[in-house]
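Student: below are the sequence and a predicted model for it; my questions follow.
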Amino acid sequence: MSRLGGSGETGAAVEESISTLRTKELAMNAVRQYSTYFSCLYDEPGPVGSLGRGTHYSVLRSVEWLDVQRRRLPIPHVHDFAVIWDEDHDERVIDAIERIYLAGLLSPVQFIGERKGCLTVIVASPHYWTPRNEADAYKRALEAIGQSLDDPWPVEIGCFDRRMGSPQNRIFEGIISAAENRVELYLANIDSLWELGTRPFVPRTSAWGSPPAIPGQSSISPPIPVPQPFPPGGVLPPST
């Protein structure tokens, strides 16, 4: 029976195993991308469970210069939002989302989905309860986008508030065909998992974390790095 000749050979074998594991992990974690404007963080390609008519969801990420109340930000935030699909997984909703995004209207959106030819947009509660003239203008802008699609869709707007005990701030319209308490639980669970909405960008310190220890080397892990403020030198005002 052959044996490994020395520590260098052992280290090379371990590093090769690590590389193989990383390649497999990348393949397993490959997620379908629906748009060049968003990253898809999580995707359910078909119905999961028995809620509504084949309900399932995906989580997309954009970069925003506006917060959930459409106030201008000094530096961009990341924005995670969920697409709620029904049984037909109608990808025409992506075209609508792209148009909403490029019109500067996406930042308040927490959930969005199409069902029976109607686009339902669930926005953050603080934006939903803006002054009536602003809310009406926002709805008219979304409706104009809905009517500009190749197959025009009417638009309905609801709201979501992650705080417990605020049912008046959770209006779901027709985004899922199911009892309201089940819809509320489903959407709240998605938000609990993904913390939807806009938030500051925090740079990642490592894509893989600390590698497994190689035989013959110290197994003591380095200290976990503390996230640093971004940008490092503070916000640079625009040129005048």
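Tutor: Received the coordinates, thanks.
Student: quick check: the residue most central in space within the chain vs residue 119, distance?
Tutor: In the chain, the centroid-proximal residue (CA atoms, centre = their mean) is residue 80; its distance is 3.0 Å. Distance of residue 80 to residue 119, given as CB to CB, to the nearest Å: 19 Å. Backbone N, C-alpha and C define where each C-beta goes, glycine included.
Student: that older thread, in terms of secondary structure, what does whichever strand or helix holds the residue nearest to the centre of the chain contact?
Tutor: Residue 80 is located in strand 72-85, with elements delineated by DSSP states H and E. On a contact count with 3 or more CB pairs under 8 Å, 6 or more residues apart in numbering; DSSP states H and E, strand 72-85 meets strand 56-66, helix 92-102, strand 109-115, helix 180-194, strand 197-200.
Student: need the winner for burial among those.
Tutor: Burial of the helices and strands packed on strand 72-85 is given as mean neighbour count (mean count of other CB atoms under 10 Å); strand 109-115 ranks first at a mean of 23.
Student: flag the shaky bits of the chain, pLDDT-wise.
Tutor: 1-29, 165-168, 205-228, 230-240 (pLDDT under 70).
Student: chain center to the strand holding residue 80: distance?
Tutor: Its chain's C-alpha centre and that of strand 72-85 lie 7 Å apart, by CA atoms, centre = their mean, to the nearest Å.
Student: the inter-axis angle of it versus strand 56-66?
Tutor: Put simply, strand 72-85 runs at 170 degrees to strand 56-66, going by axes from the mean of the first three to the mean of the last three CA atoms, to 10 degrees.
Student: ok, back up a step: just put the helices and strands packed on strand 72-85 in JSON lines and tack on distance to residue 49.
Tutor: Below are the helices and strands packed on strand 72-85 laid out as JSON lines (distance: least, CB to CB, whole Å):
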{"stretch": "strand 56-66", "distance to residue 49": "8"}
{"stretch": "helix 92-102", "distance to residue 49": "20"}
{"stretch": "strand 109-115", "distance to residue 49": "16"}
{"stretch": "helix 180-194", "distance to residue 49": "9"}
{"stretch": "strand 197-200", "distance to residue 49": "24"}
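Student: cool, thanks, signing off.
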